[in-house]
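Visitor: pasting a predicted model and its sequence here:
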Amino acid sequence: LISFHDHTLMIILMILTVVAYMMTTLALNKNINRFVLEGQMIEVAWTIVPAIILIFIAMPSLRLLYLMDEIHEPTLTLKVVGHQWYWSYEYSDFIKVEFDSYMTPQDSEDKSTFRLLDTDNHTVLPMNSFIRIIVTAADVLHSWTVPSLGVKTDATPGRLNQCSFLMNRPGLFYGQCSEICGANHSFMPIVVESVNTNTFINWVSSVS
Amino acid sequence: MASRLLFSSLRQVQKLQKACIHGRSRIGNREVVGFGYNGQYSYQDRVDFPMPAIRFKESTPDIVALREKEKGDWRKLTLEEKKALYRASFCLTFSEINAPTGEWKSIVGLACVFMSIGIWIVILEKLFVYKELPASFSEESKKAQLKRMIDLRVNPIEGIGSKYDYEKGEWKK
């Protein structure tokens, strides 16, 4: 990913330098050209050359895009269903566990709650294992996002969208609904709690 | 009344600018001296088309006499006569055409006026429109949230967690 970024940035910088040079020389030039019309040769040139440059950018980009989507044998599957205006989670791999996750109300006593980000039930997931998330919605469009994990998946009613991730440190990861879904769209956050595998197993058995 | 004034002034402008359609000259007594900008009998002061199609002023007997004198030795012409000949054919000299107009002052002034209107809108909004900040923006609340973030070790690689020295229990220097 980093080398693709470097490659594209190099091309962008080259183009920028050329354009900036042209602009400064043209602006500071004292000549006046009276007949700047119908330059067909140069127009063909400045259409074909960017097309070639874009092909050079597009080829690695598409290859990376498909590479990023590969699935690596997930250990766990989590089903996320978006409702108006909360998320509900289902772990049905071993024992059936289902719960809803609402935002904690804003005027709580505890000063250290993160306003608009804390929920009553955290989504507990084991760390260092590949997790597959299947997202859908029950009523309108939502989007399940956790920016720290690089995950954003739209929840569309009638469709299952899949994405996967791996967490390699324990902790809380926050996110918010990312598709406008009505009055309380800003008030349906997501909290993923990453724990070690034993704690996860204990938690699953205690919740069910 | 205003529309009649407008139309009469427009007609004057038309006479000067579109002095020729299909070769007919409506230019008064002014002499035609060349092709000009686009073949029409118009006068324009342009740096890229320096020779207009017609002379600027109408031919009077003095100028006609001067032109006869011009056909002879130029050293016999005085400076005043040379200037009169120039001004009869042209409206402005090149340095007058290229002279700065001072237009930038009015542009900058207007831009400042609009910017200040924008700033006034923001000030009035702050005074009259916006509500109070929620309770979690108080100093206590922010401190408690920051402490919680440090305890949770959020963003330990490049963010808040990386700026705190967990072994010593204080911020990194």
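Guide: It's in.

Visitor: and the pLDDT at residue A:33?
Guide: Note on residue A:33: pLDDT of 67.

Visitor: touching, residue B:70 and residue B:84? I think so.
Guide: No - at 10.5 Å, residue B:70 does not count as touching residue B:84 under the criterion of Cβ atoms under 8 Å. From N, CA and C alone the C-beta is placed, and that goes for glycine too.

Visitor: what's near enough to touch the residue most central in space within chain A?
Guide: Centroid-nearest residue in chain A: residue A:152, 3.5 Å away (criterion: Cα atoms, centre = their mean). By Cβ atoms under 8 Å, 6 or more residues apart in numbering or on different chains, residue A:152 lies in contact with A:143, A:144, A:145, A:178.

Visitor: anything in the host helix or strand of the second one near chain B?
Guide: In the assignment (DSSP states H and E), residue A:144 maps to strand A:142-146. No - no part of strand A:142-146 sits close enough to chain B to count as contact by Cβ under 8 Å from any Cβ of the partner chain; the gap is at least 12.6 Å.

Visitor: hey, what's the residue nearest to the centre of chain A bridged with?
Guide: In this entry, residue A:152 is beta-bridged to residue A:145, by DSSP bridges.

Visitor: what about it, distance to residue A:179?
Guide: To residue A:179, residue A:152 is 10 Å away according to Cβ to Cβ, to the nearest Å.

Visitor: and what of residue A:106?
Guide: On the measure of Cβ to Cβ, residue A:106 and residue A:179 end up 22 Å apart.

Visitor: do residue B:152 as well
Guide: Noted for residue B:152: a distance of 27 Å to residue A:179, by Cβ to Cβ.

Visitor: check which residues of the strand holding residue A:144 are buried.
Guide: Using 16 or more other Cβ atoms under 10 Å in any protein chain shown as the test for burial, strand A:142-146 gives A:142, A:143, A:144, A:145, A:146.

Visitor: without its sequence neighbours, what residue ends up closest to the last one?
Guide: In this case it means residue A:146. Excluding its sequence neighbours, the residue lying closest to residue A:146 (Cβ to Cβ, 6 or more residues apart in numbering or on different chains) is residue A:175, at 3.7 Å.

Visitor: for burial, what's the neighbour tally of that neighbour?
Guide: Using other Cβ atoms under 10 Å in any protein chain shown, residue A:175 has 20 neighbouring residues.

Visitor: wait, what's in contact with it?
Guide: Counted by Cβ under 8 Å, 6+ apart, residue A:175 has contacts A:144, A:145, A:146, A:147, A:148, A:151, A:189, A:190, A:191, A:192.

Visitor: buried ones among these?
Guide: In the contacts of residue A:175, burial by neighbour count holds for A:144, A:145, A:146, A:148, A:151, A:189, A:190, A:191, A:192, counting by 16+ other Cβ under 10 Å.

Visitor: how far away is the fifth one from residue A:135?
Guide: Counting by Cβ to Cβ, the separation of residue A:151 from residue A:135 is 9 Å.

Visitor: now do the shared contacts for the two.
Guide: Contacts common to residue A:151 and residue A:135, judged by Cβ under 8 Å, 6+ apart, are A:144, A:163.

Visitor: run through the bridge partners of residue A:165.
Guide: Beta-bridge partners, per DSSP bridges, of residue A:165: residue A:131.

Visitor: need the pLDDT of it.
Guide: Looking at residue A:165, its pLDDT reads 88.

Visitor: circling back: so which elements touch the strand holding residue A:144?
Guide: Using 3 or more Cβ pairs under 8 Å, 6 or more residues apart in numbering or on different chains; DSSP states H and E as the contact definition, the elements that strand A:142-146 packs against are strand A:76-83, strand A:151-155, strand A:171-176, strand A:189-195.

Visitor: picking that back up, ok, of the buried residues of strand A:142-146, which one's closest to chain B?
Guide: Using Cβ to the nearest Cβ, residue A:146 is the member of the buried residues of strand A:142-146 that lies nearest chain B, at 12.6 Å.

Visitor: contacting residues for the residue lying closest to residue A:92 once chain neighbours are set aside?
Guide: Leaving aside its sequence neighbours, residue A:92 sits nearest to residue A:79 (Cβ to Cβ, 6+ apart; 6.9 Å). Neighbour list for residue A:79: A:89, A:90, A:91, A:92, A:133, A:134, A:135, A:136 [criterion: Cβ under 8 Å, 6+ apart].

Visitor: quick one on the thing from earlier: between residue A:152 and residue A:179, which contacts overlap?
Guide: residue A:143.
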